[in-house]
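Asks: 3D model of this:
(one chain, ligands or ions: 3)
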Amino acid sequence: MHERTTNQGPEYIGWWVLFQSWSCAERAKKIPITVVTAYDYPTGLACSMNPQVDVVLVGDSLAQVCLGYPSTTELTLQEMIHHSRAVARGTSHPLLVADMPFGSYHISTSDAVSNAIKLVQDGRVEAVKMEGGAEIVDIVRKLTSVGIPVMAHVGLLPQRYIALSGYRVQGRTVEGAQKLLRDALALQEAGAFSMVVEAVPQELAKYITEKLSIPTIGIGAGPSTSGQVLVWDDLMGTWPGHKAKFVRRFADLKGARDIGLQNYTSAVKNGSFPNDSESYSMDEAEWNKFLELENQNA
Ligand SMILES: Nc1nc(=O)c2c([nH]1)NC[C@@H]1CN(c3ccc(C(=O)N[C@@H](CCC(=O)O)C(=O)O)cc3)CN21
Ligand SMILES: CC(C)C(=O)C(=O)O
Ligand SMILES: [Mg+2]
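Replies: Residues are numbered from 1 along each chain as shown. Ligands and ions are numbered 1, 2, ... in the order given. The predicted model follows:
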């Protein structure tokens with residue numbers, strides 16, 4: 001039932017259908033696209049069971065929220081493939097996209113193509129996402145031409161947090177806004193099928209969304225993008241780190257988890273776990289026979 005289907009099946013909304021439909025004139029009336037990150041099999045299953053999830057993103061936020069690295073730049077392609085495969089085993093209908101890790105698309109176009117192919121073949125994803133503007137259009141064009149759909153990512157680029165002097169809102173100045181719009185148009189022209197817009201003033205995100213024919217997926221970009229994305233651990237309330245302004249906690253899984261762990265450890269310490277119904281028993285005659293033999297041997 002949870003075998004991954006490629007692009008068929010009654011409930012599957014293929015990426016082509018989903019994103020091409022956004023090119024039509026009435027797209028402003030469309031229901032926002034729901035994107036959520038996932039890093040493992042049970043989360044993939046949960047996303048698959050909710051028909052309102054349109055896209056599952058194996059984000060490189062994996063590095064921080066799941067693997068404990070201080071930034072996304074330490075994540076390797078192999079680690080991304082390992083987690084993408086796990087998510088893929090759990091998902092059926094939503095479009096599955098993975099972030100190209102830092103360094104996996106910066107050396108050369110051919111290196112980027114071979115790494116994207118590894119993500120598709122070994123990581124079992126259907127599309128890849130990469131951070132950057134006009135400087136990566138050749139890579140976007142090449143990947144698109146070989147049949148790997150590319151989701152672009154502009155605005156705050158976490159893989160460049162050092163160069164950007166931290167995680168800062170982007171496009172707040174006239175020049176910054178102009179560059180962002182130019183980047184977005186160039187990426188669309190190069191073939192990107194959609195675009196994440198991260199930590200950008202809502203006015204600018206709305207403007208860019210109206211200028212583009214491909215859908216924008218906002219995170220910290222206000223309500224007027226074509227869709228929204230949030231990191232799983234942020235929305236579930238399990239991420240203990242900094243809570244960005246754009247994060248809303250939709251559940252308190254950390255609270256539930258901590259209570260569960262406390263209940264378990266207390267029950268072990270006070271001897272109330274396990275009880276009789278949680279234990280196995282031996283047939284009384286067998287047990288008596290066993291004790292008898294033990295006594296004879298003593
Ligand atoms: N848990 C988590 N959530 C994310 O959204 C996320 C990650 N991790 N890791 C990878 C990147 C890093 N991201 C981040 C991290 C921090 C801010 C942040 O602190 N933003 C400030 C804005 C400061 C300003 O005004 O310029 C904020 O307070 O919102 C934003 C995005 C987004 N991604
Ligand atoms: C937050 C999304 C857009 C992302 O890039 C990630 O999770 O790595
Ligand atoms: Mg990312």
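Asks: Would you mind listing what in the chain touches ligand 1?
Replies: 61, 64-65, 72, 156, 158, 167-169, 199, 231, 233-234, 239, 242, 244-246 (C-beta under 6 Å from any ligand atom). Any C-beta I mention is one placed from the backbone N, CA and C, and that applies to glycine too.
Asks: Make a ChimeraX selection of whichever of these turn out to be buried.
Replies: Per 16 or more other C-beta atoms under 10 Å, the buried members of these correspond to this ChimeraX selection:
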select :61,64,65,72,156,158,167,169,199,231,233,234,239,244,246
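Asks: The residues of the chain next to ligand 1: which ones sit near ligand 2?
Replies: For ligand 2, the contacts drawn from the residues of the chain next to ligand 1 by C-beta under 6 Å from any ligand atom are 61, 231.
Asks: From the residues of the chain next to ligand 1, which land in strands?
Replies: Assignment to strands by DSSP state E places none of the residues of the chain next to ligand 1 there.
Asks: So which of the residues of the chain next to ligand 1 sit within helices?
Replies: 64-65, 233-234 (DSSP state H).
Asks: Which residue does the stretch 51-200 of the chain have closest to ligand 2?
Replies: With C-beta to the nearest ligand atom, the shortest gap between the stretch 51-200 of the chain and ligand 2 falls at residue 59, namely 2.1 Å.
Asks: quick one, phi psi at residue 216?
Replies: Here is the backbone geometry of residue 216 (degrees, to the nearest 10): phi -100, psi 140.
Asks: contacting residues for it?
Replies: 184, 194-197, 205, 208-209, 225-227 (C-beta atoms under 8 Å, 6 or more residues apart in numbering).
Asks: For it, give its distance to residue 96.
Replies: 20 Å (C-beta to C-beta, to the nearest Å).
Asks: one step back: ok, of the ones in helices among the residues of the chain next to ligand 1, which one's closest to residue 138?
Replies: Using C-beta to C-beta, residue 64 comes nearest to residue 138 of these, at 29.1 Å.
Asks: list the contacts for the residue lying closest to residue 251 once chain neighbours are set aside?
Replies: Leaving aside its chain neighbours, residue 251 sits nearest to residue 236 (5.0 Å; criterion: C-beta to C-beta, 6 or more residues apart in numbering). Residues near residue 236 by C-beta under 8 Å, 6+ apart: 249-251, 253-254.
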